[in-house]
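A.B. asks: Just need the structure, nothing else, for what follows:
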Amino acid sequence: MATQAQIAKSLRKPKYSTREVRRCWRCGRKHGYMRDFGICRICFRELANRGELPGVTKSSW
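C.D. replies: Numbering: from 1, shown residues only. This is a model prediction of the structure:
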């Protein structure tokens with residue numbers, strides 16, 4: 001869980017565009033972020049297993 005200071009810092013406009021920090025909207029995690037969904041890999045797995053992400057199915061081969 002990200003602290004309030006870290007979240008506030010990442011919301012500011014960065015000096016350079018490459019310094020932009022994308023965070024998960026559920027937990028605030030910045031690593032393992034999926035741009036297509038706007039969430040981290042851990043939250044993605046939780047929501048996908050519960051069936052709350054439309055069009056996402058568990059794959060097996």
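A.B. asks: The chain: helices as residue ranges?
C.D. replies: With helices called from DSSP state H, the chain shows them at 4-11, 41-50.
A.B. asks: Buried residues in the first one, which are they?
C.D. replies: Read that as helix 4-11. Buried positions in helix 4-11, judged by neighbour count with 16 or more other Cβ atoms under 10 Å: S10. Every C-beta, even on glycine, is put in place using the N, C-alpha and C of the backbone.
A.B. asks: So which helix or strand of this structure has the lowest pLDDT on average?
C.D. replies: Taking mean pLDDT, DSSP states H and E as the measure, the helix or strand of the chain with the lowest value is helix 4-11, at a mean of 89.
A.B. asks: starting at the chain centroid, how far to that one?
C.D. replies: The chain centroid and the centroid of helix 4-11 are separated by 14 Å under Cα atoms, centre = their mean, to the nearest Å.
A.B. asks: Please save the CA atoms from that helix in PDB.
C.D. replies: Taking C-alpha atoms only, helix 4-11 is exported to PDB below (Å, rounded to 0.1, in the frame of the first residue of the first chain):
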ATOM      1  CA  GLN A   4      -0.400   9.300   1.100                       C
ATOM      2  CA  ALA A   5       2.800  11.300   0.400                       C
ATOM      3  CA  GLN A   6       3.800   8.900  -2.400                       C
ATOM      4  CA  ILE A   7       0.400   9.100  -4.000                       C
ATOM      5  CA  ALA A   8       0.400  12.900  -3.800                       C
ATOM      6  CA  LYS A   9       3.800  13.000  -5.300                       C
ATOM      7  CA  SER A  10       2.900  10.800  -8.200                       C
ATOM      8  CA  LEU A  11      -0.200  12.900  -9.000                       C
END
